[in-house]
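[1] I'll drop the sequence and a predicted model, then ask my questions.
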Amino acid sequence: MAEPPILSLEGIGLQQGGRWLFSDLDLHIAPRDRIALIGRNGAGKTTLFRTVMGEIEPDRGLRKVKPHATIVLLDQEPDFTGFATLMGFALAGTSPPAEHAVEAIAGQLGIDMATDAATASGGERRRAAIARALALEPDLLLMDEPTNHLDLAAIDWLESWLDRYKGAFIVISHDRTFLKRLTRATLWLDRGGLRRKDVGFGGYEAWEEQVYAEEARAAQKMDAKLKIEAHWLERGVTARRKRNMGRLEKLWDMRAARAAMINPAGTAKLKLASDDDFKSKSVIVAENISKTYGTREVIKPFSLRIQRRDRIGIVGANGAGKTTLLKLLTREIAPDSGSVTHANTLSGVSIDQQRALLEPGKTVRQIVAEGGDWVDVRGTRKHVQAYLKDFLFDPALVDAKIGTFSGGERSRLLLAREFARVSNLLVLDEPTNDLDLETLDLLQEVIADYEGTVLIVSHDRDFLDRTVTVTLGLDGSGKVDIVAGGYEEWETQRREQRAPARSPATDGAPATASPPPPPPPSTKLSYRDQRDYELLPARIAELDELIAKGEAALADPDLYRTDKARFDRISKSLDLAREEKDAAEERWLELAERVEG
């Protein structure tokens with residue numbers, strides 16, 4: 001017999017600012033559910049979490065919780081006010097976890113819970129909040145952007161913990177890699193309604209495209225101009241995603257050119273082209289630079305020549321030296337040895353991670369257009385409302401106060417403000433924090449079209465794979481790996497370097513790891529497409545086997561009579577497997593056609 005749901009929301013309606021934020025919303029969470037909650041910034045994802053928690057009372061509908069079930073929220077911005085230490089925060093509440101359980105998780109996350117809460121960094125606070133939430137071992141865990149402020153090692157640890165977790169969870173995250181690895185179902189909060197599909201985030205984009213296409217066809221049949229206008233944003237998102245596929249192909253070409261300039265892995269040095277043209281395009285030249293703090297060599301000597309239109313990603317664990325390297329390259333600090341030279345025409349814009357420019361009392365018009373009707377977008381005059389539309393805002397919000405916007409909407413507004421400025425160097429420090437998936441697609445597009453050079457510090461693996469041409473990887477030893485490609489290419493190189501040395505070849509020469517080459521030019525596949533093309537056949541074979549077993553079990557004429565619950569479970573699993581197989585086959589055939597073409 002199937003277990004009852006941990007939580008149910010039935011016919012929920014919630015008004016906000018004179019409008020219905022939710023209307024007739026239904027939600028049922030079963031034990032072991034692994035769910036991604038998707039929705040545009042401002043759609044109400046965090047509000048829905050607080051409704052699930054019982055912190056917000058809906059205007060109509062029912063909230064039902066299984067007796068004795070525990071629900072815990074890992075908030076995006078936990079409030080540490082009034083707590084002397086991180087442990088004080090972790091042990092507060094009516095049902096505090098055991099201190100030893102918190103300490104055990106904190107130790108694995110590398111955080112000292114005796115740290116002063118008032119002076120703790122964003123990463124330390126995030127780890128403390130995770131330690132508290134996980135130590136409670138809830139039946140249902142709600143996570144709002146859990147990977148914000150975490151480094152790659154901590155994200156890997158959290159993924160492993162959640163993979164073993166026996167309860168259910170719902171997660172809001174911009175981290176596509178995190179969502180793809182962990183989720184098995186998707187909730188899509190859109191225009192006041194909630195859709196559910198029992199496929200993980202990996203199938204979300206295809207589902208979204210299908211829904212929007214069906215709605216567009218319905219709108220056209222109605223021949224209602226207003227109805228069609230209501231879909232301008234969704235159609236824009238769909239078109240933008242398709243354009244991004246072309247930009248990813250160009251990114252591979254740029255990576256291929258960069259790979260030709262990089263020596264075998266381990267030398268940490270870009271070869272300089274012999275012709276003057278290459279040198280004339282250089283905007284930042286670092287020659288044998290290093291930096292030491294106390295007795296620790298944070299950056300060991302290395303050289304790098306950055307060209308115009310390079311997209312440089314900087315990755316590594318917290319404390320590995322990412323910020324130091326960024327400040328060296330932008331000449332905010334001086335190296336202990338070597339030199340950093342900038343082109344005379346270099347003019348940079350830095351998008352501050354703290355979003356300090358956005359005062360709650362100011363309006364959108366004041367932030368973007370200094371109170372006027374027009375904004376100069378990199379030398380071109382554009383009406384402020386048309387420019388807001390480019391950044392996925394309703395133009396009618398031009399006079400709305402910043403304080404009414406969600407964190408993600410504020411981040412998007414800051415991007416709109418800064419991308420309008422004339423510059424040829426863009427510095428992005430954790431730009432993906434607080435952004436929804438549509439805005440990440442938009443940011444990817446803007447970066448691809450940007451004529452200058454981009455430096456990006458980020459822990460978002462998928463974003464780096466879609467965006468950068470060269471990755472500077474720091475492992476904490478002070479060595480800087482220079483790799484053509486994104487995060488995945490850096491990880492591949494690290495795995496090769498960590499692997500035991502193989503037997504020497506017949507000539508006795510030691511094996512040398514080289515930067516992974518881009519896919520053959522004839523395929524013109526993005527990294528994600530290439531992986532799908534290679535891995536989907538094996539997955540389709542697995543699904544064939546599952547389907548065959550399910551059909552064989554259902555062929556037993558006595559199964560329905562003797563064990564209806566098992567019959568129902570197998571039937572449901574069989575339907576899901578067939579659906580996934582159909583989608584996988586369609587996806588692989590599409591990629592195969594592109595490869596053969």
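    Received, thanks.
[2] Disregarding flanking residues, what is the spatial nearest neighbour of Arg528?
    Counting by Cβ to Cβ, 6 or more residues apart in numbering, Asp465 is the residue found nearest to Arg528 once chain neighbours are left out, at 7.4 Å. (C-beta placed from N, C-alpha, C; glycine too.)
[3] Show me how far the helix or strand hosting Ala36 is from its chain's centre.
    When elements are assigned from DSSP states H and E, Ala36 belongs to strand 34-38. Between the centre of strand 34-38 and the centre of its chain there are 13 Å (Cα atoms, centre = their mean, to the nearest Å).
[4] Repeat that for stretch 406-414.
    On the basis of Cα atoms, centre = their mean, stretch 406-414 sits 16 Å off its chain's mean C-alpha point.
[5] what does it rub up against?
    Stretch 406-414 is contacted from outside by 41-42, 46, 76-77, 351-352, 355, 357-358, 364, 367-368, 391-393, 402, 405, 433-436, 439, 442, using Cβ atoms under 8 Å, 6 or more residues apart in numbering.
[6] ok, now with 6 Å
    Residues from elsewhere that reach stretch 406-414 (Cβ atoms under 6 Å, 6 or more residues apart in numbering): 41-42, 355, 358, 391, 434-436, 439.
[7] So of those residues, which two are at opposite extremes in space?
    Leu358 and Asp436 (17.1 Å; Cβ to Cβ).
[8] Quick check: pLDDT value at Met113.
    Looking at Met113, its pLDDT stands at 94.
[9] how many other residues sit next to the residue nearest to it when sequence neighbours are not counted?
    Leaving aside its sequence neighbours, Met113 sits nearest to Met87 (Cβ to Cβ, 6+ apart; 3.9 Å). Applying other Cβ atoms under 10 Å, we find 21 residues neighbouring Met87.
[10] now whatever helix or strand Met87 lives in: how far from the chain's centre is it?
    For Met87, the host element (DSSP H and E) is helix 86-90. What separates the centre of helix 86-90 from the centre of its chain is 28 Å, taken as Cα atoms, centre = their mean.
[11] Give the other helices and strands that that helix contacts.
    In terms of contacts (3 or more Cβ pairs under 6 Å, 6 or more residues apart in numbering; DSSP states H and E), helix 86-90 is packed against helix 122-135.
[12] Export the helix it packs on to CSV, keeping only CA atoms.
    Only the C-alpha atoms of helix 122-135 are listed here, as CSV (Å, rounded to 0.1, in the frame of the first residue of the first chain):
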residue,chain,number,x,y,z
GLY,A,122,28.7,34.3,3.5
GLY,A,123,30.2,30.9,2.9
GLU,A,124,30.6,30.2,6.6
ARG,A,125,27.0,31.2,7.3
ARG,A,126,25.8,29.0,4.4
ARG,A,127,27.7,26.0,5.8
ALA,A,128,26.3,26.6,9.3
ALA,A,129,22.8,26.8,8.0
ILE,A,130,23.3,23.5,6.0
ALA,A,131,24.8,21.8,9.1
ARG,A,132,21.7,22.7,11.1
ALA,A,133,19.2,21.7,8.5
LEU,A,134,20.8,18.4,7.7
ALA,A,135,21.4,17.5,11.3
